[in-house]
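>>> Model the structure of this input:
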Amino acid sequence: MSVLRVSEEVREALASGKPIVALESTVIAHGLPRPRNLETALAMEAAVRREGAIPATVAVIGGEPVVGLSRAQLELLASSNDVVKVSRRDFAPVLARKLTGATTVAGSLIVAVQAGIKVFATGGIGGVHRGAEETFDISADLFELSRAPLAVVCAGAKSILDLPKTLELLETLGVPLIGWQTSEFPAFYSRTSGLCLEHRVENADQAAAVFHAQNALGLPSAVVFCNPPPEASALSSAEVESLLEKALRSTAQHKVSGKELTPFLLSELTKTSAGRTLQANVDLLLNNAKVAAQIAVAISG
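Next up is the predicted model:
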């Protein structure tokens with residue numbers, strides 16, 4: 001992507017081989033309420049820096065893909081009401097119309113690969129939606145993970161999804177899922193899902209070894225490290241499922257679908273859980289940024 005605008009800090013880090021962690025921006029514009037969205041974005045970047053890596057938040061600003069947002073650009077995404085959501089299909093029209101957009105996991109992976117960044121952190125990846133056998137609603141994240149050779153740190157997939165089908169599709173696409181100090185696929189707000197992982201690592205050096213082995217084989221997919229949410233704020237699987245049932249009923253009543261579905265469900269969960277899911281979301285984002293930075297340092301070392 002020759003149109004990339006890379007910040008001076010990130011450009012210097014790339015040139016000198018310093019560890020870098022790419023961060024998505026949809027969570028800022030569409031995933032978290034104000035003012036928590038900006039606070040969390042800044043805290044994630046700070047968490048990356050504390051571990052010795054350089055944060056590179058990705059977005060489209062005025063029709064230009066930007067790698068490494070300034071404070072003013074973060075504030076723009078956090079406060080504007082007309083920020084579009086940018087995935088693979090959206091780049092060309094968004095750039096042509098010189099719009100400002102927040103990149104999804106899929107969109108951020110594309111830009112990170114083009115920039116030469118090796119590590120990416122997010123909250124939870126997208127996946128196969130419940131009822132996909134009728135709606136065909138499957139996140140583009142899964143297909144992008146199959147062709148983006150990065151180390152990706154996430155808290156599994158969002159609990160609103162059909163997690164067994166999501167894991168089946170990732171297996172079909174050849175995307176390795178590695179537990180970070182766990183043998184069970186985390187379910188975003190919950191540390192457990194009942195779904196076992198074949199492989200796990202205990203530290204950043206082991207994670208880096210897996211990443212290097214994947215690259216040495218010439219395999220094109222990401223290596224996804226599944227990091228459970230912090231125990232202090234995580235919810236039980238049973239509680240999340242109960243909250244989700246209420247949120248899904250509200251979704252049906254309001255006839256919400258497509259790209260509006262996930263933000264609506266997350267908002268409903270925040271309301272019905274009295275803010276507990278929001279706190280869990282923020283905590284896992286910060287934890288993932290920290291772990292991603294540790295892995296980036298180990299990879300670059």
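>>> does residue 142 really touch residue 127, like I thought?
Yes. Counting by C-beta atoms under 8 Å, residue 127 is a contact partner of residue 142 at 6.3 Å. Quick note: C-beta positions are derived from backbone N, CA and C, even for glycine.
>>> Would you mind giving the secondary structure of residue 117?
coil (DSSP: H, G, I helix; E, B strand; the rest coil).
>>> State the distance from it to residue 184.
29 Å (C-beta to C-beta, to the nearest Å).
>>> between the two, who's got more neighbours?
Applying other C-beta atoms under 10 Å to residue 117 and residue 184 shows that residue 117 carries more neighbours, namely 27 against 18.
>>> Run a quick check on the more buried one versus residue 19, I expect a contact.
No. Judged on C-beta under 8 Å, residue 117 makes no contact with residue 19 at a distance of 9.7 Å.
>>> Next one: the residue nearest the centre of the chain, what pLDDT does it get?
Taking C-alpha atoms, centre = their mean, the centroid of the chain lies closest to residue 122, which sits 2.6 Å from it. Each residue has a pLDDT score; the one for residue 122 is 98.
>>> Distance-wise, check it relative to residue 112.
11 Å.
>>> mind checking the SS state of residue 111?
Secondary structure, three-state DSSP: residue 111 is helix.
>>> ok so, going back, verify the contact between the residue nearest to the centre of the chain and residue 154 for me.
Yes. Counting by C-beta under 8 Å, residue 122 touches residue 154, with 5.2 Å between them.
>>> All the strands of the stretch 101-250 of the chain, in order from the start?
Ranges of strands in the stretch 101-250 of the chain, per DSSP state E, counting those that start in this stretch, are 101-103, 119-121, 151-154, 177-180, 199-201, 223-226.
>>> Please convert the ones you listed to TSV, extending it with distance to residue 61 and mean neighbour count.
Below are the strands of the stretch 101-250 of the chain laid out as TSV (distance: least, C-beta to C-beta, whole Å; neighbours: other C-beta atoms under 10 Å):
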stretch	distance to residue 61	mean neighbour count
strand 101-103	8	27
strand 119-121	19	30
strand 151-154	24	29
strand 177-180	32	24
strand 199-201	35	16
strand 223-226	28	26
